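A.B. asks: fold the following and give me the result.
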Amino acid sequence: MTTLATLILELSLTRIFSVVFYYHFAFLAISIALFGLGVGGVLSYLVTAERPEIYRRLGMLSSAVGVVTVLSLVFVLTRGEPTNLTLAGIYFISALPFILAGMIVSLAINDTIERVDRVYFFDLLGAAGGCLLLVPFLNTFGGPNTFMVAGILFAASSAIWFNLGGSSRGRAAGVALSLALVLLVVINMRWPIIDITFAKGQKISNEIFTKWNSFSRIALAKENGSDMMLIVIDADASTGIAKFDFNNLTPDQKKELFLEGPGFPYQVRPGARTLIIGPGGGWDVARAIAAGSTDITGVEINPIIATTVMRQKFANLSNNLYTRPGVRIFEEDGRSFIRRSTEKYQVLQATLVDTWASTAAGAFALSENNLYTTDAFHDYLSHLTDDGFLAFTRWGFDPPRESLRLLSLARVALDQIGEHDHAKHVIAIRESAENIAGWGARDTVLISRKPFSAVDIAKARETAAAGHMKVIYMPGDPPSSNAFAELLTTSDTGRFFANYRYDVSPVGDDRPFFFYTVQPRDLLNFLAGPSGSADYKINRAVPLLFGLVGISIVATAVILLLPPIVLGTRLPRERGVLTFLLYFVCIGVGYILIQVALIQKFVLLLGHPVYALTVIIFSMLISSGLGSYFSRRVLAGLDGRLMAALAAVAALVTVLAFVAPVAAEAAIGWPLWLRMLLTAALIAPPAFAMGMPFPTGLSRLERVHPASVRWAWALNAASSVLGSASAIFLAIYIGLQGTLLVGGLMYLGAVLVVRMTQSKAEMAGAR
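C.D. replies: Residues are numbered from 1 along each chain as shown. Predicted coordinates:
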């Protein structure tokens, strides 16, 4: 129950951080949890005792977690815009429940160290259960209440601990605390007392409806100064709800639908068979209908938007737009839908499809998006008719970034389908050009499967002029006219990308960081730039990650300083023991690197980040738990077998790094349950082997130098804190496959450590 509640606490915190602060802070929740568990492991030595007193102390700690969980939640929900000072406060206050949970787990394992293989199995089994319960809990209770439900589980476990310790009063107190927290959650669901009232430094207002699911908080609010209703995602990104009477459109409405950037493609190709990725509140659907389209497919990943708002509870707000004849709406990730589809379209549209929101899996993510990669553009072009084109609207800046990177993706994808005269396949226009120096204009880029015809180009120029939109690029423009023309016509793209002020080089599925455009050479100066733009909002994630790494380094130092300061224990001087502690660093970093990379790697196959999170973490925890359970029997405490298990992890992860993309390509059309089974089957062998090193290493260290076990806890936790952030850096610069391979190399490093300390351990075993 303790590890189940801890995992729910950790992952629900990523959702809360995404809403209250920004999705970038999802990194922080993982670091907080790992830091807290590491500190708790060290501090547990202050309260250790013999049975039955140890059970009573575990009961008191569990009761304390139940209370502290609620208090830390209140603290987080009442913070404004985070400064460095408040960020540090958030970090350490939020860590308190995890510190206490770490003490509980450490005490339990320390008390049963002789069978750590079995205890570690139940540790991972509980965490796997938490992974399974997270999604239904978030869907049912919402973010803050799910966080408090974890407190209920801690309080309930306290009653069990007190019962084991023979304390009837403690047991009654644990039951009473559990019931009190249940009552608090029930009341809070009916009359929100502990809820999100501040987000992104501003007070939330005008909301008439809110609903959580496992990857978002959706609200309905009226737009300031307008009658339009907005669908607000994680208290930040928004999409207006389109409401039109198509038989009686006013001149202003026609202008909104036809003469704005996202309406541009339907003027070039009226009546087109259309696929819209991320239709949100239905504006692109309305534009297609108004232009005469009778076959419109919308793929919306969020069921609250697609069904609850647009087709059920608030369908009247859009005049039942999503239930009109000729409109089909699917709830799925757009990329996965495309890969499974056998249909072809004349217009494939995606308008500003990103929410700056962290999914639960986004705890390990930056602003990665599998919709914007060279592989994705190849999929899109392959699903177009010969007269079809892609229509992507992104933020426009000077100099251009996002919209220009669309062209770098298009070049690669066009080459893959045998179209090499790139300049004839692109049309780009800009609306709201007056905002270019502020939040950003809107650039709409059309990318055709075949070269645009003279008729298409003439129609595009006519529409742009009628809508007072600026033409950025048309086929036939001279190469020197701007960066768009230069990129489309250059024969030396490497030189162009190297010399350009921003990183607009193409990104693929293995490194899907489309939105990150800061050149490495400019990283340190980036935060000094303008802050009032969408570009700044997205790109600040990586500089912020540097700050979080800094905080993680401080947290790591705290973990490592605790044993000598609090326990009076210094690093062991005995020969071989100090070296062997590096073993726990290697497997701590290796495990987290592999887990992070696998979650991102399998998003495309499973169709949604939440599915990837659930299947990957659940499969890894269950398989690793089984590996721990059988480690004593399989390895028998022999160093030779331990080194073989570590080498097996490295080999199996290496194989998986190359097999995963092939499996995703082959199985993309399978039913979801079959794709989940395939994923679990691929992950199970390496994860089983990954469950053996930690309990075996603890047993080995217990034989050699028992006092160093606390240092093993500290080092393993510290390495995990740094590894979680390091995984993102590696993914950005060497890709997900490279990150997996580095994770495998860490296990080979552990082999080297075991080999270097083998004689010392064997002598201790002989004695």
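
A.B. asks: residue ranges in this structure under the pLDDT threshold?
C.D. replies: 22-27, 80-85, 355-369, 438-439, 522-552, 555-556, 560, 563, 566-576, 759-767 (pLDDT under 70).

A.B. asks: top helix in it by residue count?
C.D. replies: For the chain, the helix with the greatest residue count under DSSP state H is helix 709-756.

A.B. asks: the stretch 1-150 of the chain: helices as residue ranges?
C.D. replies: Counting by DSSP state H, counting those that start in this stretch, the stretch 1-150 of the chain has helices at residues 2-20, 26-43, 53-77, 84-111, 116-141, 143-164.

A.B. asks: try the stretch 201-350 of the chain
C.D. replies: Under DSSP H, counting those that start in this stretch, the stretch 201-350 of the chain gives helices at 251-258, 264-268, 283-290, 303, 334-340.

A.B. asks: hmm, who's touching the fourth one?
C.D. replies: In this structure, residues lying in contact with helix 303 by Cβ atoms under 8 Å, 6 or more residues apart in numbering are Asn213, Glu331. (C-beta placed from N, C-alpha, C; glycine too.)

A.B. asks: please apply the same query to the last one.
C.D. replies: Identification of contacts with helix 334-340 by Cβ under 8 Å, 6+ apart yields 275, 277-278, 299, 301, 330, 350, 353, 370-371, 376, 379-380, 383, 604, 607-608, 668-669.

A.B. asks: for PyMOL, what selects the buried ones among these?
C.D. replies: To isolate the buried members of the contacts of helix 334-340 in PyMOL, using 16 or more other Cβ atoms under 10 Å:
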select buried, resi 275+277+278+299+301+350+353+370+371+376+379+380+383+604+607+608+668
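
A.B. asks: which of the contacts of helix 334-340 fall in strands?
C.D. replies: Members of the contacts of helix 334-340 lying in strands (criterion: DSSP state E): Leu275, Ile277, Val299, Phe330, Ala350.

A.B. asks: just the closest of those to Ala290, please.
C.D. replies: Leu275 (17.2 Å; Cβ to Cβ).

A.B. asks: residues contacting that closest one?
C.D. replies: By Cβ under 8 Å, 6+ apart, the neighbours of Leu275 are Thr297, Gly298, Val299, Ile338, Glu343, Tyr345, Val347, Leu348, Gln349, His383.

A.B. asks: burial count for the fifth one?
C.D. replies: Looking back up the chat, that one is Glu343. 11 (other Cβ atoms under 10 Å).

A.B. asks: my read: Thr239 touches Asp284, true?
C.D. replies: No. Thr239 lies out of contact with Asp284 (Cβ atoms under 8 Å); the separation is 10.0 Å.

A.B. asks: returning to what we had before: among the helices of the stretch 1-150 of the chain, which comes closest to Pro686?
C.D. replies: Closest among the helices of the stretch 1-150 of the chain, using Cβ to Cβ: helix 116-141, at 14.8 Å.

A.B. asks: show me which residues of the closest one are buried.
C.D. replies: Buried-residue list, helix 116-141, by 16+ other Cβ under 10 Å: 116-121, 123-135, 137-139, 141.

A.B. asks: how far is it from where the chain is centred?
C.D. replies: Distance of helix 116-141 from its chain centroid, counting by Cα atoms, centre = their mean, to the nearest Å, is 19 Å.

A.B. asks: cool, stretch 99-119 as well?
C.D. replies: 30 Å.

A.B. asks: now do stretch 436-452
C.D. replies: 27 Å.

A.B. asks: and what of stretch 312-322?
C.D. replies: So, by Cα atoms, centre = their mean, the centroid of stretch 312-322 is 31 Å from its chain's centroid.

A.B. asks: name the residues that touch that stretch?
C.D. replies: Against stretch 312-322 from outside (Cβ under 8 Å, 6+ apart): 209, 220, 229, 241-245, 281-282, 285-286, 298, 306, 308-311, 323, 327, 329.

A.B. asks: sorry, back to before: determine which of the helices of the stretch 201-350 of the chain approaches Tyr55 most closely.
C.D. replies: Nearest of the helices of the stretch 201-350 of the chain (Cβ to Cβ): helix 303, 44.3 Å.

A.B. asks: just send the helices of the stretch 1-150 of the chain back as a markdown table, with distance to Thr614 too.
C.D. replies: As requested, these are arranged in a markdown table below (distance: least, Cβ to Cβ, whole Å):
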| stretch | distance to Thr614 |
| --- | --- |
| helix 2-20 | 10 |
| helix 26-43 | 16 |
| helix 53-77 | 23 |
| helix 84-111 | 21 |
| helix 116-141 | 6 |
| helix 143-164 | 15 |
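
A.B. asks: which of the ones you listed sits closest to Thr463?
C.D. replies: helix 2-20 (38.1 Å).

A.B. asks: how near is the nearest residue to Leu7 once chain neighbours are set aside to Thr2?
C.D. replies: What sits nearest to Leu7 in space, not counting adjacent residues and going by Cβ to Cβ, 6 or more residues apart in numbering, is Gly130, at 3.3 Å. Computed as Cβ to Cβ, to the nearest Å, the Gly130 to Thr2 distance reads 10 Å.

A.B. asks: next: Val119.
C.D. replies: From Val119 to Thr2 the distance is 12 Å (Cβ to Cβ).

A.B. asks: spit out the residues that contact these two alike.
C.D. replies: Common neighbours of Val119 and Thr2 (Cβ under 8 Å, 6+ apart) are Ala108.

A.B. asks: ok, residues contacting stretch 130-142?
C.D. replies: So stretch 130-142 is in contact with 3-8, 11-12, 15, 146, 149, 185, 189, 210-214, 217, 360, 610, 613-614, 617-618, 621, going by Cβ under 8 Å, 6+ apart.

A.B. asks: just the buried subset of those, please.
C.D. replies: The neighbour count (16+ other Cβ under 10 Å) marks 3-8, 11-12, 15, 146, 149, 185, 210-214, 217, 360, 610, 613-614, 617-618, 621 as buried among these.

A.B. asks: before we move on, back to that, for Trp713, find the nearest of the helices of the stretch 201-350 of the chain.
C.D. replies: helix 334-340 (40.3 Å).

A.B. asks: stretch 73-81: which residues count as buried?
C.D. replies: In stretch 73-81, counting by 16+ other Cβ under 10 Å, buried: Leu73, Val76, Leu77, Arg79.

A.B. asks: wait, which of the residues you listed is closest to Ala101?
C.D. replies: Among the buried residues of stretch 73-81, and counting by Cβ to Cβ, the member closest to Ala101 is Leu73, at 14.7 Å.

A.B. asks: dump the residue contacts of the closest residue to the closest one other than its chain neighbours.
C.D. replies: Leaving aside its sequence neighbours, Leu73 sits nearest to Phe147 (Cβ to Cβ, 6+ apart; 5.2 Å). Counting by Cβ under 8 Å, 6+ apart, Phe147 touches Ile8, Leu9, Ser12, Leu13, Ile16, Thr69, Leu73.

A.B. asks: how near is Phe147 to Phe198?
C.D. replies: 16 Å.

A.B. asks: which residue is the nearest non-sequential neighbour of Met692?
C.D. replies: Nearest one to Met692, counting by Cβ to Cβ, 6+ apart, is Ser631 at 4.0 Å.

A.B. asks: the residue nearest to Phe496 when sequence neighbours are not counted: how many residues sit nearby?
C.D. replies: Nearest residue to Phe496 in three dimensions, chain neighbours excluded: Thr490, at 5.1 Å (Cβ to Cβ, 6+ apart). By other Cβ under 10 Å, 15 other residues sit near Thr490.
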